[in-house]
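Asker: Pasting a predicted model and its sequence here:
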Amino acid sequence: MLNFPNTSRSYDSGRRCIRFWGHDGALEISFFMDEAALVQIAIGTPNGETALLESFDLNRERILVAARKVYGRRRQGSYELASTDF
């Protein structure tokens with residue numbers, strides 16, 4: 001079962017995404033949320049690392065629901081959340 005006990009997240013400027021992690025038992029699962037997807041679910045989010053991370057935090061529950069759905073559809077080493085996942 002996928003859980004998110006670690007609330008850490010970071011902005012990856014090279015990939016223009018927010019990185020966060022979940023755990024399925026002993027496995028650590030990497031997730032990448034596309035910057036465009038975050039802006040879509042939080043309309044009006046200004047550009048910039050701080051604003052994007054704050055928006056992620058404000059929308060965390062919705063994001064984690066989407067991450068669980070994406071993880072449940074296919075099992076792989078890392079997952080990207082896109083606008084179509086919301």
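Answerer: Sure thing, it's come through.
Asker: alpha carbons only for contacts and neighbour counts from here, please
Answerer: OK.
Asker: Is there a neighbour count for residue 31? I'd like the number.
Answerer: Residue 31: 22 surrounding residues under other C-alpha atoms under 10 Å.
Asker: if I read this right, it contacts residue 81, doesn't it?
Answerer: Yes: using C-alpha atoms under 8 Å, residue 31 is in contact with residue 81, at 7.3 Å.
Asker: Give me the buried positions along stretch 3-13.
Answerer: Within stretch 3-13, the residues scored as buried using 16 or more other C-alpha atoms under 10 Å are 10-11.
Asker: next one: stretch 17-32
Answerer: Going by 16+ other C-alpha under 10 Å, stretch 17-32 has these buried residues: 17-22, 29, 31-32.
Asker: Name the residues that touch the helix-or-strand element of the chain with minimal mean pLDDT?
Answerer: Lowest mean confidence among the helices and strands of the chain (mean pLDDT, DSSP states H and E): helix 35-41, at a mean of 90. Under the criterion C-alpha atoms under 8 Å, 6 or more residues apart in numbering, residues 16-18, 45, 52, 55-56, 81-84, 86 lie in contact with helix 35-41.
Asker: quick revisit: give me the common contacts of residue 31 and residue 81.
Answerer: With C-alpha under 8 Å, 6+ apart, residue 31 and residue 81 have common neighbours residue 67.
Asker: sorry, back to before: let me have the buried residues of stretch 17-32 in TSV, extended by pLDDT, secondary structure and distance to residue 1.
Answerer: What follows is the buried residues of stretch 17-32, written out as TSV (pLDDT from 0 to 100; DSSP: H, G, I helix; E, B strand; the rest coil; distance: C-alpha to C-alpha, whole Å):
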residue	pLDDT	secondary structure	distance to residue 1
17	95	strand	25
18	96	strand	22
19	97	strand	20
20	98	strand	17
21	97	strand	14
22	96	strand	10
29	94	strand	12
31	97	strand	15
32	97	strand	19
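Asker: about what we covered before: out of the contacts of helix 35-41, list just those in strands.
Answerer: Under the assignment DSSP state E, the contacts of helix 35-41 contribute 17-18, 81 to strands.
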